[in-house]
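Engineer: With the input below, show me the fold.
(one chain, ligands or ions: 1)
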Amino acid sequence: MFTNQKLPIKAQRVTPENFKKYGYVIKTNNIPKQAKNNVEANQGTAIKQEHLGVIANTFSSDLTSTLNIHIFNCKARELIINDTRFHCKVMEKHPYSSQVFIPKTFQYVEECYLVIVSLENDNKEDEENVVEAFIFDSESSVIYNNNVWHSPMCNIQPSKEIVSFIVSINEVENGGLLNCVEVESDFYVDL
Ligand SMILES: NC(=O)N[C@@H](O)C(=O)O
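Structural biologist: Coordinates of the predicted model:
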């Protein structure tokens, strides 16, 4: 799975295109003038940018799942080698729900958080996953598709202040592994 990565993974700046196979990137705080998904709303008092992402719910219909809202107040993560390298020790996934993280900071932060992802592979447990890492600014939200492996949220902002994220995810009460599967990992990401 994630304990035999040969070299540190080099993080890249995220775009909707390079992140597409893992989920969605939603840029807030900018109203693209000619975006194809702009529509007028609220009797002309708002510009709606619609269909920017999907929060999937693939729980079995015989389970009661709820689309919950949480806030994760994420502390700055420890970075080594002059704040350039992150040691990823845990990966997790939500088998039956997407998960969205919407950051809130008091000012723009170019390198705000690190998203480390990997697609579920159908091969054996002992085969290494392909992992990619992306740097998000503080005006970009992330939606992880269900069953996409990801590191627990990783605040890398240089000021070392807490970054609060509004988080939404479908969950089954006391669902345990139905809601979240965690595995040990041991690899490095270079910012
Ligand atoms: N993704 C993340 O940071 N953590 C959550 O999935 C969680 O439920 O802990």
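
Engineer: ok, Ser97 - contacts?
Structural biologist: Contacts for Ser97 (C-beta atoms under 8 Å, 6 or more residues apart in numbering) come out as Ile55, Ala56, Asn57, Thr58, Phe59, Ser65, Asn146, Ile169, Asn170, Glu171, Asn179. Where C-beta positions appear, they are placed from N, C-alpha and C, glycine not excepted.

Engineer: so who does the fifth one touch?
Structural biologist: For Phe59, the set of contacting residues under the criterion of C-beta under 8 Å, 6+ apart consists of Ser65, Tyr96, Ser97, Asn170, Val172, Leu178.

Engineer: Okay, and it sits in which element?
Structural biologist: Using DSSP states H and E, Phe59 is not contained in any helix or strand.

Engineer: distance of it from the ligand?
Structural biologist: Phe59 sits 15 Å away from the ligand, going by C-beta to the nearest ligand atom, to the nearest Å.

Engineer: same thing with the third one?
Structural biologist: From Asn57 over to the ligand the distance is 15 Å, taken as C-beta to the nearest ligand atom.

Engineer: beta partners of that residue?
Structural biologist: Ser97 (DSSP bridges).

Engineer: thought it was touching Asn170?
Structural biologist: Yes: applying C-beta atoms under 8 Å, one finds Asn57 in contact with Asn170, separated by 4.3 Å.
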